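Peer 1: I'll drop the sequence and a predicted model, then ask my questions.
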Amino acid sequence: MYKAIAANKRNTVIIIGLFVGLLTAIAVWWGNVSGNGSSAIMIVLFVLGYTVLQYFVAGSLAVAMSGAIQIEKKDHPRLWNTVENLAISQGMPMPKVYIINDPAPNAFATGRNPKHAVVAATTGLLDLMDDSELEGVMAHEMSHVKNYDILVSTIVFGLVSAIGILADMALRMAMWSGMFGGGDRDRDRGESNAFTIVLIVVGIVASIIAFLIGPLVSAAVSRQREYLADASGAEITRYPEGLASALGKLGQYGRPMRKQSKSMAHMYIADPIKPGLVERAFSTHPPLGDRIARLKKIGSSF
């Protein structure tokens with residue numbers, strides 16, 4: 001378990017380095033092709049600044065994007081007590097607890113470390129799960145906190161979002177440069193058109209990275225993380241059947257969440273976009289059947 005925690009911290013550094021390196025290479029290429037070296041420097045500074053910023057705010061951003069509402073014990077004693085008991089049993093700080101008003105059963109954890117952690121559950125999850133199943137799900141999420149998985153998922157979420165922002169910026173700049181409304185009178189029309197083409201290419205490349213490579217990276221770091229959290233959650237509750245039963249119910253529910261975001265799909269316990277179709281090539285989650293089988297195997301050893 002300690003090796004897995006250390007690996008997650010190490011993976012965070014690797015992921016940051018790879019993404020920043022990739023974006024820096026795109027920025028340098030952009031500067032060379034466009035002849036505007038200062039723009040490349042600005043892009044690199046933006047990426048570095050955004051990386052640092054999202055380390056501190058990506059958790060709050062994920063909560064905002066999910067539409068979650070923070071609660072206290074009096075608002076939902078059942079959920080609060082479940083999380084509190086798990087935190088006490090593991091000697092962990094009590095995370096902030098949120099509820100998402102959505103009939104689709106799901107839950108996620110986020111934050112940069114256990115002292116700044118958040119756990120959230122949908123109203124659908126609270127309605128569908130019995131007490132042992134709810135405990136299994138929240139033990140899974142608390143395991144993400146304990147194992148520092150939330151740091152990895154938060155970093156991935158923030159960097160994929162950064163690439164999407166850069167893609168949008170490049171495409172908007174291409175529109176403003178005159179492609180759809182005439183060139184700049186103070187600039188040679190040929191140079192203006194060339195610069196516009198460069199912006200479009202950069203925007204397309206960044207979009208491909210955000211919507212194709214980004215999910216692949218998320219999947220690569222998420223699948224084993226889910227197996228680890230399942231095993232850790234079972235170890236915490238000493239009742240893997242509870243989580244296995246909960247995963248079974250998640251697999252039977254056939255509708256997606258109402259408020260979806262591909263960039264934070266990897267944070268949830270089950271795919272929030274197309275539940276039950278986790279075998280997809282770009283899924284950030286291993287197949288539910290495999291997870292349930294592993295939990296049942298763990299249960300036989302208790």
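Peer 2: Ah, there it is.
Peer 1: what pLDDT does Met129 get?
Peer 2: At Met129, the model reports a pLDDT of 97.
Peer 1: so it sits against Ala246, correct?
Peer 2: Yes: between Met129 and Ala246 there is a contact at 5.6 Å, judged by Cβ atoms under 8 Å. Using the backbone N, CA and C atoms, a C-beta is placed for each residue, glycine as well.
Peer 1: shared neighbours, these two?
Peer 2: Val137 (Cβ atoms under 8 Å, 6 or more residues apart in numbering).
Peer 1: next, the distance between the ends of stretch 250-257.
Peer 2: 12 Å (Cα to Cα, to the nearest Å).
Peer 1: nope, stretch 257-270 is what I was after
Peer 2: Rule used - Cα to Cα; the end-to-end distance of stretch 257-270 is 11 Å.
Peer 1: which ones are touching Val97?
Peer 2: Contacts of Val97 by Cβ under 8 Å, 6+ apart are 70-71, 76, 79-80, 83, 118-120.
Peer 1: which helices and strands sit right next to the helix or strand containing Gly242?
Peer 2: Element membership for Gly242 (DSSP states H and E) is helix 240-252. Counting contacts by 3 or more Cβ pairs under 8 Å, 6 or more residues apart in numbering; DSSP states H and E, helix 240-252 packs against helix 131-146, helix 214-237, helix 288-299.
Peer 1: Met129 and Ala246 - which one has more neighbours?
Peer 2: Counting neighbours by other Cβ atoms under 10 Å for Met129 and for Ala246 shows that Ala246 has the greater number, 29 against 23.
Peer 1: for whatever helix or strand Ala58 lives in, packing partners?
Peer 2: Assigned by DSSP H and E, Ala58 belongs to helix 37-66. Counting by 3+ Cβ pairs under 8 Å, 6+ apart, the packing neighbours recorded for helix 37-66 are helix 2-34, strand 96-100, strand 107-111, strand 117-122, helix 149-174.
Peer 1: now for the helix or strand following it, which elements pack on it?
Peer 2: Going down the chain from helix 37-66, the next helix or strand is strand 69-70, by DSSP H and E. On a contact count with 3+ Cβ pairs under 8 Å, 6+ apart, strand 69-70 meets strand 96-100.
Peer 1: make it 10 Å
Peer 2: Packing contacts for strand 69-70, counted by 3 or more Cβ pairs under 10 Å, 6 or more residues apart in numbering; DSSP states H and E, involve strand 96-100, strand 117-122.
Peer 1: contacts for that strand next, please.
Peer 2: Contacts to strand 69-70, defined as Cβ atoms under 10 Å, 6 or more residues apart in numbering, come from residues 63, 75, 96-101, 118, 120.
Peer 1: can you put those in a markdown table and add pLDDT?
Peer 2: Shown next, in a markdown table, are the contacts of strand 69-70 (pLDDT from 0 to 100):
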| residue | pLDDT |
| --- | --- |
| Val63 | 90 |
| Asp75 | 96 |
| Lys96 | 96 |
| Val97 | 97 |
| Tyr98 | 97 |
| Ile99 | 97 |
| Ile100 | 96 |
| Asn101 | 95 |
| Val118 | 94 |
| Ala120 | 96 |
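Peer 1: and among the helices and strands packed on strand 69-70, the most buried is which?
Peer 2: Mean neighbours per residue, mean count of other Cβ atoms under 10 Å, is largest over the helices and strands packed on strand 69-70 for strand 117-122, with a mean of 26.
Peer 1: including distance to Lys297, could the helices and strands packed on strand 69-70 go into JSON lines?
Peer 2: Compiled in JSON lines, those are given as follows (distance: least, Cβ to Cβ, whole Å):
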{"stretch": "strand 96-100", "distance to Lys297": "31"}
{"stretch": "strand 117-122", "distance to Lys297": "26"}
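Peer 1: tell me which of the ones you listed lies nearest to Lys259.
Peer 2: Lys259 lies closest to strand 96-100 among the helices and strands packed on strand 69-70, at 7.7 Å (Cβ to Cβ).
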